[in-house]
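1. all I have is the shape, not the residue letters:
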């Protein structure tokens, strides 16, 4: 319609009434910038625009500049006419020109205000969804409370406010605070402060009953709320970080006095963010609490780290059947002698079963044996008492174990070893010969009477006694996949270990066994190596500091 | 306190030579004494770690590869070196205040060569980081639980054996998924760390000193969540890696059967020799799988050259290698990438330079 009409030549005379009633504002101006024609809609929009008036006097600057730019159409200019846009009053218009050869321009004005608003709302909504998505990703990735708190403070400061504070529930008389300024890094601190000094903070920290976001008068907040170097706050809101039934803390958002305040929409959005952050933080807190409990309980069940005791080298290694566990049904301990010159007692054993339940029983056995230490020189008696204790407990499991007493004599080590239903220890001689200790006995916790025969051994310098559980010998694997590791292979590995330091032997056995089972299933594997040091030069008790020379 | 002892050699090279003698002889006490006396005399602890102990450990690996040391001797030497590191870390000269952030140092699961990681842990400690050293072969669940508990700034991950690279990739991905960046090091990551980037590591360093420098110079950024590891290795789409890994034992058995039939010398092998041969075949399958995982032919051909070199150094003729590769190629004829790698391996053995021993990233 527009292209078939030539508004600057005569058609306007016939079509004048049609033009004037067109629903869109239309105005025509000549080469010199003088207005030729204005329709009703344009007249209503631009009251000063009348025929004969210069554009510059009648329309907003953006439109008169657009007209000036169009007056001399450049040679070979793009066929598509450009579109200008700008404000007229409080609305936004697009101006589409149609240019005559003579330089007369017909301007069509289209009100795009609502379209713009819709676009803007869509963009904002997309941004927020993306932000919440990113926040969820970051917060869900970690179960570390500090990290979750830092992420919360940082994201809030970047996207919701000029600065953000994450306040954790009171610890003693201190409020733990993580502060983040704009694009900065979160900083942890704590303040001796009364949460009641910030309106709404006490309620937010309690988490229940649910409280809405609270607008706070910046003039009433205590100094610790305003981060250093922030300047004067213009608006402050306090939002609870709701946790899983436990309060995770509160989020304080600050905006500077010279910028815009929070809109109700932004405040709702801040609550959506706070809900995610609070859930993540309380999950992290729960995990930290649980793992602290586990650590304390586990500490007693973990195999001890071994070192040299009174001139005898001890080393141990443990691998539970499941990679995600740290304990299982195998156990070992080395109890240093109470008096100088008396033997240390080594215990290595295997409780029937795997995993946590077996581990709990190993803890009982280890404690019982600890109490029986005064009888350490009488293995049979110790085993009999342990047997009674296990028979009388409510556990139905039984155990096999080896007791070994070891004492340094000159450069050598004298040992007595007793097996209770357990594979006898292997002795690695300096020559590379591997001998089995001659000890046999019944297992513990199954029958009322236990019997065991001890063996006496003598380790020359550089010689070694290896206590192990059947997790090694019964491990299935190898290059063909289904062969049992077996005692023969273990002896072969040990034969190569003659003269090696105790830790080296432990590492070697563990490594060969690990390679044997590959990714296959295996039982718990425990090994303790007792060695007579090769040199007469003793390390001090902890095996690390410089030693002394023995006589 | 050391009046009865001579002072340690002053020059780094002399100290290294003295430590090497002690380590080679399995003499733990001389080794730790040397380190302690050097520190008493004012030597820089970091320099003792990296310019004395590290080169000695490198030499241990070289001597073993050249068959001048048994596997057991290698373990013994490593254990002694480890005690030397322990002696150093407890010496007064190594006391530092942890003023920087927290770092976790660990070896990939299945990695037993812990000393490089230990050296890095000690260097970082000396430079004032708070270090959690988790040691050799750390299962991924342990590592991740540790990261959740301690929230370190980064993980330093060590791997020396190329066949651990798929596990290293899983470990790197898992660390990043919980928001912790990873710096990797060790021979497994190839010359110039070429596999480090492929596996998505945030940084790579050739040795402990440059790792510590790198961490200090330019803190690693937190990884962006939502990364899909398959995007790094699109070739895994063909499932060849999965198939070869899953059928590992049946592949080894098939090759052993084939060798029995077509390789008369095998009939005279003892059980132990047969097991060694089966282990060699299993290694070939493992390296083939790793090369498929990384889509990197050099990894496989280098390993084949290395194996041939090792066998020759051990006085075992390498003539069972080409038939083993051909038997494998027969078993895997439906897998184009595997077939190509095996073909390249066979060509490698035919080449005259096949018996050189490249850098050690093999067990």
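-> Sure thing, it's come through. If you're wondering where the values come from, they're calculated on a predicted model, not measured in any experiment.
2. show me where chain B has strands.
-> B:102-107, B:130-135, B:154-158, B:182-185, B:203-204 (DSSP state E).
3. which helices and strands does the fourth one pack with?
-> Contacts of strand B:182-185 with other secondary structure elements, assessed using 3 or more Cβ pairs under 8 Å, 6 or more residues apart in numbering or on different chains; DSSP states H and E, are made with strand B:154-158, helix B:165-177, strand B:203-204, helix B:208-217. In this view, the C-beta of every residue, glycine as well, is placed from N, C-alpha and C.
4. and those, which is most packed in?
-> strand B:154-158 (a mean of 28; mean count of other Cβ atoms under 10 Å in any protein chain shown).
5. follow-up on the earlier one: now the strands of chain B in TSV, with distance to residue A:285 and mean pLDDT?
-> Formatted as TSV, the strands of chain B follow (distance: least, Cβ to Cβ, whole Å; pLDDT from 0 to 100):
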stretch	distance to residue A:285	mean pLDDT
strand B:102-107	19	96
strand B:130-135	21	94
strand B:154-158	23	97
strand B:182-185	26	96
strand B:203-204	32	96
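6. distance to residue A:168 added to these, as a markdown table?
-> A markdown table is the format used below for the strands of chain B (distance: least, Cβ to Cβ, whole Å):
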| stretch | distance to residue A:168 |
| --- | --- |
| strand B:102-107 | 20 |
| strand B:130-135 | 22 |
| strand B:154-158 | 25 |
| strand B:182-185 | 29 |
| strand B:203-204 | 33 |
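7. so which of the helices and strands packed on strand B:182-185 is nearest residue A:169?
-> helix B:165-177 (28.8 Å; Cβ to Cβ).
8. tell me the helices and strands packed up against the closest one.
-> helix B:140-150, strand B:154-158, strand B:182-185, helix B:271-294.
9. the same query, at a cut-off of 6 Å, please.
-> helix B:140-150 (3 or more Cβ pairs under 6 Å, 6 or more residues apart in numbering or on different chains; DSSP states H and E).
10. list the buried residues of the helix it packs on.
-> Within helix B:140-150, the residues that count as buried by 16 or more other Cβ atoms under 10 Å in any protein chain shown are B:140, B:142, B:143, B:144, B:145, B:146, B:147, B:148, B:149.
11. overlap between the residues you listed and the residues near chain A?
-> B:148, B:149 (Cβ under 6 Å from any Cβ of the partner chain).
12. of all the helices and strands packed on strand B:182-185, which lies closest to residue A:93?
-> Comparison of the helices and strands packed on strand B:182-185 against residue A:93 by Cβ to Cβ identifies helix B:165-177 as nearest, at 50.1 Å.
13. got the angle between the closest one and strand B:102-107?
-> 160 degrees (axes from the mean of the first three to the mean of the last three Cα atoms, to 10 degrees).
14. contact residues of chain B facing chain A?
-> Counting by Cβ under 6 Å from any Cβ, chain B sits next to chain A at B:28-29, B:36, B:72, B:75-76, B:79, B:86, B:90, B:112, B:139, B:141, B:148-149, B:151, B:177-179, B:225-226, B:249, B:252-253, B:278-279, B:282.
15. in ChimeraX, select just the buried ones from the residues you listed.
-> Only the buried members of the residues of chain B next to chain A enter the following ChimeraX selection, criterion being 16+ other Cβ under 10 Å:
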select /B:28,29,36,72,75,76,79,86,112,139,148,149,151,177,178,179,225,249,252,253,278,279,282
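16. any chance of the helices and strands packed on strand B:182-185 in a markdown table, with distance to residue A:85 too?
-> Shown next, in a markdown table, are those (distance: least, Cβ to Cβ, whole Å):
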| stretch | distance to residue A:85 |
| --- | --- |
| strand B:154-158 | 50 |
| helix B:165-177 | 45 |
| strand B:203-204 | 48 |
| helix B:208-217 | 49 |
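17. between these, which one is nearest to residue A:250?
-> Going by Cβ to Cβ, the one of the helices and strands packed on strand B:182-185 nearest residue A:250 is helix B:165-177, 28.9 Å.
18. ok, back up a step: so which of the helices and strands packed on strand B:182-185 comes closest to residue A:356?
-> Nearest of those to residue A:356, taken as Cβ to Cβ: helix B:165-177 at 23.5 Å.
19. what's the average pLDDT for the closest one?
-> On average, the pLDDT along helix B:165-177 is 95.
20. next one: stretch A:381-396
-> 88.
21. likewise for stretch A:107-115?
-> Computed over stretch A:107-115, the average pLDDT equals 92.
22. who touches that stretch?
-> A:24, A:25, A:26, A:27, A:91, A:92, A:93, A:94, A:95, A:96, A:97 (Cβ atoms under 6 Å, 6 or more residues apart in numbering or on different chains).
23. around chain B, pick out the residues from the stretch 251-400 of chain A.
-> Checking the stretch 251-400 of chain A against chain B by Cβ under 6 Å from any Cβ, the hits are A:291, A:323, A:324.
24. pull the contacting residues for the last one.
-> Spelled out, it's residue A:324. Counting by Cβ under 6 Å, 6+ apart, residue A:324 has contacts residue B:141.
25. one more: the first one?
-> By Cβ under 6 Å, 6+ apart, the contact set of residue A:291 is residue B:149.
26. buried residues in the host helix or strand of it, which are they?
-> If you go by DSSP states H and E, residue A:291 is part of helix A:264-299. Applying a neighbour-count criterion of 16+ other Cβ under 10 Å, one finds A:266-267, A:269-271, A:273-288, A:291, A:298 buried in helix A:264-299.
27. again with stretch A:57-66
-> Quick answer for stretch A:57-66 (16+ other Cβ under 10 Å): A:58, A:59, A:60, A:63, A:64, A:66.
28. taking chain A, what residue is nearest to chain B?
-> residue A:481 (3.1 Å; Cβ to the nearest Cβ).
29. pLDDT score for that residue?
-> Confidence score, pLDDT, at residue A:481: 87.
30. tell me how far it lies from residue B:121.
-> Residue A:481 sits 36 Å away from residue B:121, taking Cβ to Cβ, to the nearest Å as the criterion.
31. in the stretch 151-300 of chain B, what residue lies closest to chain A?
-> residue B:249 (3.1 Å).
32. so that residue is in contact with residue A:481, correct?
-> Yes: when contacts are counted by Cβ atoms under 6 Å, residue B:249 is listed as touching residue A:481 (3.1 Å).
33. skipping adjacent residues, who's closest to residue 89 in space?
-> Looking at chain A here, since you left the chain open. residue A:45 (7.8 Å; Cβ to Cβ, 6 or more residues apart in numbering or on different chains).
34. um, chain B though
-> residue B:122 (5.5 Å).
35. okay, domains of chain A per the record?
-> Domain segmentation of chain A under automatic domain parsing yields A:11-111, A:123-296, A:313-549.
36. angle of the helix holding residue A:291 against helix B:140-150?
-> Using the same axes, to 10 degrees: helix A:264-299 against helix B:140-150 is 120 degrees.
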